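**Student:** sequence and predicted structure, then a few things I'm wondering about:
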Amino acid sequence: MKRRYWILKNEVTDYSIDEMKKDGQTDWTGVRNYQARNFMMKDMKAGDWAYFYHSNAEPPGCAGIIEISREAKPDLTALDPKSKYFEKRATKENPVWHCVQVKFKRKLKRLVPLSELRENPKLKDLLLLQRGSRLSITPVSQEAFEEIERMSKEIR
DNA sequence: GCCAACGTTGGC
DNA sequence: GCCAACGTTGGC
């Protein structure tokens, strides 16, 4: 089966690539957008690769590579009143939100900043770069995925 | 901290 | 089902 590629955004103040590296594996909880959730539930498979993207960072950009290690299951933070991702309408029977499990693969040799992604004509169709795009989970073509990794090896 | 661009909510 | 008001995201 063909592997798919993704970009997973995360606010760097919440969880960074270094914490991901230390943990090795984590549940990608807190996704509260249906489009992003549906990508996880319908299209993500164990073995897919994704960029770990730092948002709200200085600079924002692709920081590392992670692998989907388990397919979508209920996101229990929606059921936990103490969690900032708690949601009243979520129940055990209908958890509403789901998460995948991801594992750390590697950090990029250097963070590839958003500004460089924008400058690269080969990446002009990248969903992440489209005007007003706020989706925290977006698919990426294999070509774009490889292009970003190539950029991470450039000396700048 | 600002604010553009979205997504969501809720009155009608 | 429309759409105004509000909330959120996230780059700058």
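**Tutor:** In hand now; what should we look at?
**Student:** quick one: the residue of chain A found nearest DNA strand B and DNA strand C, what's the gap?
**Tutor:** The nearest approach of chain A to DNA strand B comes at residue A:132, 2.1 Å away (C-beta to the nearest atom of the strand). Glycine gets a C-beta too; all of them are placed from N, C-alpha and C. For residue A:132, the distance to DNA strand C equals 9 Å [C-beta to the nearest atom of the strand, to the nearest Å].
**Student:** could you do residue A:42 as well?
**Tutor:** Counting by C-beta to the nearest atom of the strand, the separation of residue A:42 from DNA strand C is 20 Å.
**Student:** and that residue, which of the three is it?
**Tutor:** Three-state call for residue A:42 (DSSP: H, G, I helix; E, B strand; the rest coil): helix.
**Student:** same deal with residue A:135?
**Tutor:** Classification of residue A:135 by three-state DSSP places it in coil.
**Student:** which residue is most remote from the mean position of chain A?
**Tutor:** Distance from the C-alpha centroid of chain A, by C-alpha atoms, centre = their mean, peaks at residue A:93 (26.5 Å).
**Student:** okay, now the residue of chain A closest to DNA strand B: neighbour count?
**Tutor:** 4 (other C-beta atoms under 10 Å).
**Student:** for it, grab phi and psi.
**Tutor:** Reported as degrees, to the nearest 10, the phi and psi values for residue A:132 are phi 70, psi 10.
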